[in-house]
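[1] output the structure for:
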Amino acid sequence: MTVLRFQPIRGKAEEIINAILRTEEVVSLPAQAYTIHLVVEEIVLNVIDYAYPAGEENGYLEVRTDKVGKVFSIEFRDHGIPFNPLEQAAPDTDMPLEERKIGGLGIFLCKEMMDESSYRYENGENILSFKLYGSEKE
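    You can find the predicted model right below:
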């Protein structure tokens with residue numbers, strides 16, 4: 001398991017995303033690179049944009065990546081405003097683009113592309129987890 005901890009600052013988003021994508025567990029899954037990148041980018045940007053009130057400098061984002069057998073998991077932890085993104089209503093993908101409400105598509109795609117997703121608020125932390133099954137080193 002790899003555990004990384006960051007201060008979620010907008011100017012550091014690309015650095016945070018790249019550090020996560022370079023973990024041993026992620027690198028070992030080239031066939032799933034696009035899916036994992038999409039999830040990492042969506043969640044990192046959401047934490048940076050929404051988890052902490054403006055000006056809070058003590059915020060953190062902890063990311064844990066793990067691969068046990070064929071199961072890859074990634075967990076995001078922060079102590080920001082309690083929020084379960086998985087409860088958001090799925091966007092109406094049948095509606096024309098110009099009529100759709102902005103937002104919500106990223107989390108929807110994360111849930112659709114990963115095999116399992118879960119959220120819990122525990123000990124003052126948002127804990128958002130995703131899993132991919134059947135992942136094998138190529």
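[2] now the helices for this structure?
    Assigned by DSSP state H, the helices in the chain fall at 13-21, 24-27, 33-46, 105-113.
[3] list the buried residues in the longest one.
    When you say that, I think you mean helix 33-46. Across helix 33-46, burial judged by 16 or more other CB atoms under 10 Å covers 35, 36, 39, 40, 41, 42, 43, 44, 45, 46. Placement of C-beta: from N, CA and C, glycine included.
[4] need the helices of the chain in JSON lines (columns: distance to residue 66 and mean pLDDT).
    Below are these laid out as JSON lines (distance: least, CB to CB, whole Å; pLDDT from 0 to 100):
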{"stretch": "helix 13-21", "distance to residue 66": "13", "mean pLDDT": "97"}
{"stretch": "helix 24-27", "distance to residue 66": "6", "mean pLDDT": "97"}
{"stretch": "helix 33-46", "distance to residue 66": "13", "mean pLDDT": "95"}
{"stretch": "helix 105-113", "distance to residue 66": "17", "mean pLDDT": "86"}
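[5] distance to residue 73 added to these, as CSV?
    Shown next, in CSV, are the helices of the chain (distance: least, CB to CB, whole Å):
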stretch, distance to residue 73
helix 13-21, 13
helix 24-27, 8
helix 33-46, 11
helix 105-113, 14
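[6] looking at those helices, which is closest to residue 57?
    Closest approach to residue 57 among the helices of the chain (CB to CB): helix 13-21, 15.9 Å.
[7] counting contacts, what elements does that closest one pack onto?
    Applying 3 or more CB pairs under 8 Å, 6 or more residues apart in numbering; DSSP states H and E, one finds that helix 13-21 contacts strand 2-6, helix 33-46, strand 61-68.
[8] just want the most central residue of this structure.
    Centroid check for the chain by CA atoms, centre = their mean gives residue 43 as the closest residue, at 3.3 Å.
[9] and the pLDDT for residue 137?
    Among the per-residue scores, residue 137 holds a pLDDT of 48.
[10] also residue 102?
    pLDDT, read off for residue 102, is 52.
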